[in-house]
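Peer 1: the amino acid sequence is not available; the structure is as follows:
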């Protein structure tokens with residue numbers, strides 16, 4: 001199974017791993033007149049960071065077309081493609097990872113290439129461009145992931 005975002009295989013071109021962080025609870029200490037001590041109030045809006053690492057892959061018949069396809073994919077992910085749908089940095093999304101685990105209420109924080117782009121000739125007239133990446137997501141009001 002490949003990783004999907006809202007049913008799209010945008011990141012599903014290569015292998016990917018999603019690593020969830022702990023749930024971060026937001027508290028506020030409150031003092032009340034007439035009472036001894038203070039109380040800690042749990043504020044709504046718990047969050048969890050998820051780190052997705054993987055490999056973006058694009059293939060074509062020539063090196064130039066493979067590179068173009070890879071950078072077009074990166075532009076769609078980053079929201080720079082004018083003809084694309086709503087950028088990933090807008091709104092909340094549902095991510096289903098390679099293991100079939102569903103993560104809901106996600107907003108995209110950052111996407112970055114973590115190393116140089118690698119070009120490989122895979123046949124007489126076949127080229128593949130690969131780029132390792134790291135994406136950080138914030139899960140709003142996290143629940144247990146569905147499997």
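Peer 2: Sure thing, it's come through. This is a predicted model, so every value here is computed, not measured.

Peer 1: quick one: buried residues of the lengthiest strand in the chain?
Peer 2: Ranked by number of residues, the top strand in the chain under DSSP state E is strand 38-60. For strand 38-60, burial by neighbour count (16 or more other Cβ atoms under 10 Å) applies to 47, 48, 49, 50, 52, 54, 55, 56, 57, 58, 59, 60. (Glycine included, C-beta is placed from N, CA and C.)

Peer 1: ditto for stretch 17-29
Peer 2: Neighbour counts over stretch 17-29 (16+ other Cβ under 10 Å) mark 18, 20 as buried.

Peer 1: quick one on the thing from earlier: could you dump the buried residues of strand 38-60 into JSON lines with distance to residue 25 added?
Peer 2: Listed next are the buried residues of strand 38-60 as JSON lines, based on distance: Cβ to Cβ, whole Å:
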{"residue": "47", "distance to residue 25": "9"}
{"residue": "48", "distance to residue 25": "10"}
{"residue": "49", "distance to residue 25": "13"}
{"residue": "50", "distance to residue 25": "17"}
{"residue": "52", "distance to residue 25": "23"}
{"residue": "54", "distance to residue 25": "29"}
{"residue": "55", "distance to residue 25": "34"}
{"residue": "56", "distance to residue 25": "34"}
{"residue": "57", "distance to residue 25": "38"}
{"residue": "58", "distance to residue 25": "41"}
{"residue": "59", "distance to residue 25": "44"}
{"residue": "60", "distance to residue 25": "47"}
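
Peer 1: rebuild the residues you listed as a markdown table, extending it with pLDDT and distance to residue 5.
Peer 2: Listed next are the buried residues of strand 38-60 as a markdown table, based on pLDDT from 0 to 100; distance: Cβ to Cβ, whole Å:
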| residue | pLDDT | distance to residue 5 |
| --- | --- | --- |
| 47 | 86 | 19 |
| 48 | 90 | 17 |
| 49 | 92 | 17 |
| 50 | 94 | 12 |
| 52 | 94 | 10 |
| 54 | 92 | 12 |
| 55 | 93 | 16 |
| 56 | 92 | 13 |
| 57 | 92 | 16 |
| 58 | 92 | 17 |
| 59 | 92 | 21 |
| 60 | 93 | 23 |
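
Peer 1: spatially nearest residue to residue 29 (excluding sequence neighbours)?
Peer 2: residue 38 (5.2 Å; Cβ to Cβ, 6 or more residues apart in numbering).
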